[in-house]
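> Structure for this input, please:
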Amino acid sequence: MIKQALVQVKQWATQHLSTDLTQRLVDNRLAPMLIAVILATTFSFGRIDVLGWGEYLFTVARVLLELSPIFVCKYLSINSRGMRGVMAWLVGFVAFPGAAFLLLNNQVLQAHWLISDEKALYILWLLEVAALAKYWLGSKLNHLRFKPSLDNVFLVILIGVSLFMAAVFNSIDDPLNNQPIAMVIDIKRNILHFATFIAYWLQFMCVYGALYLTYYINHHWLINQVLKRHGVYHYIWVSALFLLVAGPVVSQVLMWLPINVESYTLTGSTNYYPFSVLNLYIGFLVILFSLPLILTFKLQVDNTKLAQLEQEKLKTELKWLQQQINPHFLFNTLNNLYALCLAKSEKAPELILQLASLLRFVVYKGGNERVSLVDEMDYLNDYIQLQQLRVENKCQLRVNLPSKVPSLPISPLLLVMFIENAFKHGVEVSDQQSQLDLMIEVSGNTLHFCCKNSMPEQASSSDGGIGLVNVQRRLALSYPDKHQLTITETDGFYRVELTLELL
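Below is the predicted model of the structure:
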């Protein structure tokens, strides 16, 4: 009992707890802001002596406390509507950072005891801009041509980094001759010298655009054309040839930008020598680091496409199997009707009425993926009554169906195949008195089905048809790991037991 309980607890934890935690972490809009806390703690290592995990966790707690007003305002903006939410957001991402910048940059008011600095605020702003962009694109993406592909993601990063570096360079005089450059943005100076900011931005777009061009060629030509078609060996030497030929040319073009000075350039070599190995080294790093990202992205896209194709294949196969059931059942029933009409039986009109009711269900609901268990039970009742009209003199029929069933979904025409086989191969072919017992119980969301029929002394020469094979395949497709089917032949009886989880 203890072992079984532990197994059940493990299964529940695997199916629910891990999923819930992951879902909560992904859906929580405050969680990404923890990145700023961890990075601010990492940046602070240069100013404080962190000796172990205790000091590290204490530093994380201090940074979290210092940035907590932004977290609180973010929470209030998420859970408030109208002007209150807007005001909370403005306080958290405008007023508080503005006051923090004033405190950190004013020599009189500067608080040296603070661990978090401008970098943490920049990161929080970047995360919030990304969250707002995601929210906006979530409702507008269908109307835009922008697609979140790997190329577009890198393009957005290129534009963002170019804007940031342009703002940094525009915040100081003659930045390349005043090394090292402080990563500080003077908002007032950028507004007053906006034309210079645009000039810096366009030049940084050229610099980082050269890196993007290297990535793009690697993605769409070297990988898609060379590596995919000709293999690793050709990919290596073609990539090397591309870097050796394109590297000096691109470096020379970048050196002509007005932002570069004679003593320092924004190229890998930082000088006016376009043939430097360092310039090739930058291109090599771009190819080296983009290669696994591109291959991983392609693998994910291919797996997604394969999963979609497999899903469509299963749906098509399941639909075909359901359609196979309808003519199979109709064929058997019409044969029975034909026999009664030849005998001029008074039961024929009643049989036709029952058949019309059954066909109504087959036509209008038999092709659905799921139907109500109530409708399925009504269909089984009609079917059994139809069969009783034919075999009441040669079969002892005992039926135990629930009078009330919950409105649970079930695959249509699933259970009737077992009953139909019982009549066809156990009752109709027998020259002696036969027996058929049918029981259905519903407990919670679990259905228990049992059908037992006597077997004739001489088995029928005809085969079992496609019914049983189809229903087994349908169970495998519609209820994977949610059903248990047992078929046994003992003591002259053929017994089918099915346990089915309907949710």
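> ok, the most centrally placed residue in the chain to Ala100 distance?
Centroid-nearest residue in the chain: Thr304, 9.2 Å away (criterion: C-alpha atoms, centre = their mean). Taking C-beta to C-beta, to the nearest Å as the criterion, Thr304 is separated from Ala100 by 43 Å. For the C-beta atoms, the positions are set from N, CA and C on the backbone; glycine is no exception.
> ok so, going back, in what helix or strand does the residue nearest to the centre of the chain lie?
Per DSSP states H and E, Thr304 falls inside helix 277-342.
> any idea which helix or strand comes after that helix?
Following helix 277-342 in sequence, per DSSP H and E, is helix 348-365.
> by contact count, what packs against that next one?
Helices and strands touching helix 348-365, by 3 or more C-beta pairs under 8 Å, 6 or more residues apart in numbering; DSSP states H and E, are helix 277-342, helix 373-391.
> sorry, back to before: got a list of what the residue nearest to the centre of the chain touches?
Thr304 makes no contacts at all, as judged by C-beta atoms under 8 Å, 6 or more residues apart in numbering.
> Wait, Val168 touches Arg189, no?
No - look at Val168 against Arg189 with C-beta atoms under 8 Å: they stay out of range, at 10.9 Å.
> tell me the domain ranges of this structure?
The chain resolves into domains spanning 1-146, 147-275, 311-501 when parsed by automatic domain parsing.
> Show the end-to-end separation of the longest one, please.
One end of domain 311-501 sits 21 Å from the other (C-alpha to C-alpha, to the nearest Å).
> What mean pLDDT does it get?
For domain 311-501, the mean pLDDT works out to 80.
> Cross-check the contact I'm expecting between Gln433 and Lys394.
Yes - contact criterion C-beta under 8 Å: Gln433 and Lys394 qualify, at 6.2 Å.
> Distance-wise, check Gln387 relative to Leu65.
For Gln387, the distance to Leu65 - C-beta to C-beta - is 76 Å.
> Tell me which of those two has more neighbours.
Remark: of Gln387 and Leu65, Gln387 carries more neighbours, 24 against 13, as counted by other C-beta atoms under 10 Å.
> neighbours around the spatially closest residue to that one that is not a sequence neighbour, how many?
Closest residue to Gln387 apart from its sequence neighbours, by C-beta to C-beta, 6 or more residues apart in numbering: Phe423 at 5.4 Å. Counted with other C-beta under 10 Å, residues neighbouring Phe423 total 22.
> For Phe423, list the residues it contacts.
Neighbouring residues of Phe423 by C-beta under 8 Å, 6+ apart: 387, 391, 436, 453.
> Just want the phi and psi numbers for Ser454.
Phi and psi for Ser454, reported as degrees, to the nearest 10, are phi -70, psi 150.
> Once you drop chain neighbours, what's closest to Leu211?
In space, Leu211 is closest to Val286, 5.4 Å off (C-beta to C-beta, 6+ apart).
> Can you name the residues bridging to Arg495?
Lys452, Thr488 (DSSP bridges).
> Number the residues from 32 up from this point.
With 32 as the first residue, the last one maps to Arg526.
> State the distance from it to Leu478.
As judged by C-beta to C-beta, Arg526 and Leu478 stand 17 Å apart.
> Neighbour count: those two, which is higher?
Leu478 (24 against 16).
> give me phi/psi at that one?
The phi/psi pair for Leu478 (degrees, to the nearest 10) is phi -110, psi 130.
> Secondary structure class of the closest residue to it other than its chain neighbours, three-state.
Distances taken as C-beta to C-beta, 6+ apart put Leu531 closest to Leu478, at 4.5 Å, once the chain neighbours are dropped. Assigned by DSSP: H, G, I helix; E, B strand; the rest coil, the conformation of Leu531 is strand.
> quick one: contacts for Leu531?
Contacts of Leu531 (C-beta under 8 Å, 6+ apart): 441, 477-478, 480, 506, 510, 513-514.
> Could you dump those residues into a markdown table and include secondary structure and distance to Arg115?
Putting the contacts of Leu531 into a markdown table (DSSP: H, G, I helix; E, B strand; the rest coil; distance: C-beta to C-beta, whole Å) gives the following:
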| residue | secondary structure | distance to Arg115 |
| --- | --- | --- |
| Ile441 | strand | 48 |
| Thr477 | strand | 48 |
| Leu478 | strand | 51 |
| Phe480 | strand | 57 |
| Leu506 | helix | 54 |
| Tyr510 | coil | 49 |
| Lys513 | coil | 47 |
| His514 | strand | 52 |
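> Which of the three states applies to Tyr304?
When classified by three-state DSSP, Tyr304 comes out as coil.
> can you give me the helices in the stretch 182-331 of the chain?
Counting by DSSP state H, counting those that start in this stretch, one finds helices in the stretch 182-331 of the chain at the ranges 218-223, 225-248, 259-261, 263-286, 308-373.
> can you redo these as TSV with distance to Leu386?
Compiled in TSV, these are given as follows (distance: least, C-beta to C-beta, whole Å):
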stretch	distance to Leu386
helix 218-223	81
helix 225-248	66
helix 259-261	59
helix 263-286	67
helix 308-373	6
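> Deepest-packed of those helices, please.
Of those, the one with the most neighbours on average (mean count of other C-beta atoms under 10 Å) is helix 225-248, at a mean of 18.
> Please state the offset of that helix from the chain centre?
34 Å (C-alpha atoms, centre = their mean, to the nearest Å).
> Report the inter-axis angle for that helix versus helix 263-286.
Using axes from the mean of the first three to the mean of the last three C-alpha atoms, to 10 degrees, one finds that helix 225-248 and helix 263-286 are set 160 degrees apart in direction.
> Please save the CA atoms from helix 225-248 in PDB.
C-alpha atoms of helix 225-248 as PDB (Å, rounded to 0.1, in the frame of the first residue of the first chain):
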ATOM      1  CA  PHE A 225      19.600  64.800 -31.800                       C
ATOM      2  CA  ALA A 226      21.100  65.200 -35.200                       C
ATOM      3  CA  THR A 227      24.400  64.000 -33.900                       C
ATOM      4  CA  PHE A 228      22.600  61.000 -32.300                       C
ATOM      5  CA  ILE A 229      21.100  60.000 -35.700                       C
ATOM      6  CA  ALA A 230      24.500  60.300 -37.300                       C
ATOM      7  CA  TYR A 231      26.100  58.000 -34.700                       C
ATOM      8  CA  TRP A 232      23.100  55.600 -35.000                       C
ATOM      9  CA  LEU A 233      23.500  55.300 -38.700                       C
ATOM     10  CA  GLN A 234      27.200  54.600 -38.400                       C
ATOM     11  CA  PHE A 235      26.700  52.000 -35.700                       C
ATOM     12  CA  MET A 236      24.100  50.400 -37.900                       C
ATOM     13  CA  CYS A 237      26.800  50.000 -40.600                       C
ATOM     14  CA  VAL A 238      29.200  48.600 -38.100                       C
ATOM     15  CA  TYR A 239      26.800  46.000 -36.500                       C
ATOM     16  CA  GLY A 240      25.200  45.600 -40.000                       C
ATOM     17  CA  ALA A 241      28.500  44.100 -41.100                       C
ATOM     18  CA  LEU A 242      28.200  41.500 -38.400                       C
ATOM     19  CA  TYR A 243      24.600  40.900 -39.300                       C
ATOM     20  CA  LEU A 244      25.600  40.400 -42.900                       C
ATOM     21  CA  THR A 245      28.100  37.800 -41.900                       C
ATOM     22  CA  TYR A 246      25.400  36.000 -39.900                       C
ATOM     23  CA  TYR A 247      22.900  36.200 -42.800                       C
ATOM     24  CA  ILE A 248      25.400  34.800 -45.400                       C
END
